[in-house]
Structure formats: C-alpha cells, structure tokens
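Novice: predicted model, plus sequence, below.
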Amino acid sequence: MNDILVIGGGIGGLAAALGTSNIGRKVAVLERAPEFGEIGAGFN
C-alpha cells in the first residue's frame, strides 16, 4: 500500500511525487495517458 497517491503525471504531479519520495514516503502516480511524452507546452 502506498502512503501518497498523485493523480496526474504532468510536471506538477511528477515533481510532487519526486519531492514526497525524497522524504521517504511511498508514492504512486496515476496517469490516464498510455505513455509520457512532450505535448508542446513549455516554460519561458
């Protein structure tokens, strides 16, 4: 059983999962898309 469940594998969800796992909690990330990939969005 995971301690934390993150819904959404975008940049925010993955950052939250990484940060949470770095403090020793088990994390599961749920994403509806069949694979991760670029969608053309970005930061300037």
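Specialist: Cool, got the structure. Residues are numbered from 1 along each chain as shown.

Novice: and what about the residue nearest the centre of the chain, helix, strand or coil?
Specialist: In the chain, the centroid-proximal residue (C-alpha atoms, centre = their mean) is Leu14; its distance is 2.5 Å. Following DSSP: H, G, I helix; E, B strand; the rest coil, we place Leu14 in the helix state.

Novice: which non-adjacent residue is nearest it?
Specialist: Val29 (6.8 Å; C-beta to C-beta, 6 or more residues apart in numbering). Every residue, glycine included, has its C-beta placed from N, CA and C.

Novice: and that neighbour, how many neighbours?
Specialist: For Val29, the count of nearby residues is 19 (other C-beta atoms under 10 Å).

Novice: could you list the buried residues of the helix or strand encompassing it?
Specialist: Using DSSP states H and E, Val29 sits within strand 27-30. Under the neighbour-count criterion of 16 or more other C-beta atoms under 10 Å, strand 27-30 has Val27, Val29 buried.

Novice: now do it: which elements does it pack against?
Specialist: strand 4-7, helix 11-21 (3 or more C-beta pairs under 8 Å, 6 or more residues apart in numbering; DSSP states H and E).

Novice: using JSON lines, lay out the ones you listed together with distance to Phe36 and mean pLDDT.
Specialist: Listed next are the helices and strands packed on strand 27-30 as JSON lines, based on distance: least, C-beta to C-beta, whole Å; pLDDT from 0 to 100:
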{"stretch": "strand 4-7", "distance to Phe36": "14", "mean pLDDT": "94"}
{"stretch": "helix 11-21", "distance to Phe36": "9", "mean pLDDT": "92"}
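
Novice: in TSV: these, plus distance to Ala33.
Specialist: Output for those, formatted as TSV (distance: least, C-beta to C-beta, whole Å):
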stretch	distance to Ala33
strand 4-7	13
helix 11-21	12
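
Novice: which one of those lies closest to Glu35?
Specialist: Closest approach to Glu35 among those (C-beta to C-beta): helix 11-21, 13.8 Å.
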